[in-house]
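J.: dropping the sequence and predicted coords here.
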Amino acid sequence: MGRFLQIRVMAHTYDESDLAKAWPTLWTLGFPETSPSPMMSRTKGVLELVDSLADQIRFEMIDPSVQKALRPGVDQAKKLKNELEQALADWNPQKANTLSDRLEETLNDLEKMASGI
């Protein structure tokens, strides 16, 4: 990096409104209208959705049957998110891109499952 110019490798959700359309059930679970936590992220992107879903399950804030059904997929999404962030930290955008595809596929599968519960 230069003295004035920073080089960054990062992942950012381009349009948050697309998430509510792509994954409406997960969106509702991950970002409830009446959030009990004032610390809940104001940014509502893919990575924040994964964190919020994991928190909703971890703190038992959603129905137990929904938690049981979604926990394995949410755990997988959280793992992929962490690997993606590590790939970015390691300046490995190719790996991060592959992981982002896998993360979105995992969220697609979770949405199908969640919408059927």
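T.: On my side now, so go ahead.
J.: point out where the chain drops to low pLDDT.
T.: Across the chain, the ranges flagged by pLDDT under 70 are 1, 35-41.
J.: 80 instead, please
T.: 1-2, 34-42 (pLDDT under 80).
J.: ok, the residue nearest to the spatial centre of it to residue 3 distance?
T.: By Cα atoms, centre = their mean, the chain has its centre lying nearest to residue 50, at 2.4 Å. Distance, residue 50 to residue 3, using Cβ to Cβ, to the nearest Å: 36 Å. From N, CA and C alone the C-beta is placed, and that goes for glycine too.
J.: hmm, back to that, could you list every helix and strand in contact with the helix or strand hosting the residue nearest to the centre of the chain?
T.: Assigned by DSSP states H and E, residue 50 belongs to helix 46-58. Judged by 3 or more Cβ pairs under 8 Å, 6 or more residues apart in numbering; DSSP states H and E, helix 46-58 is in contact with helix 24-30, helix 64-89, helix 93-115.
J.: how about TSV for those helices, with mean neighbour count and distance to residue 9 added?
T.: Shown next, in TSV, are those (neighbours: other Cβ atoms under 10 Å; distance: least, Cβ to Cβ, whole Å):
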stretch	mean neighbour count	distance to residue 9
helix 24-30	19	25
helix 64-89	17	5
helix 93-115	16	5
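J.: would you turn these into JSON lines with distance to residue 58?
T.: Formatted as JSON lines, the helices and strands packed on helix 46-58 follow (distance: least, Cβ to Cβ, whole Å):
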{"stretch": "helix 24-30", "distance to residue 58": "13"}
{"stretch": "helix 64-89", "distance to residue 58": "9"}
{"stretch": "helix 93-115", "distance to residue 58": "16"}
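J.: closest one to residue 13 among those?
T.: helix 93-115 (10.4 Å; Cβ to Cβ).
J.: since that was my last question, I'll sign off now.
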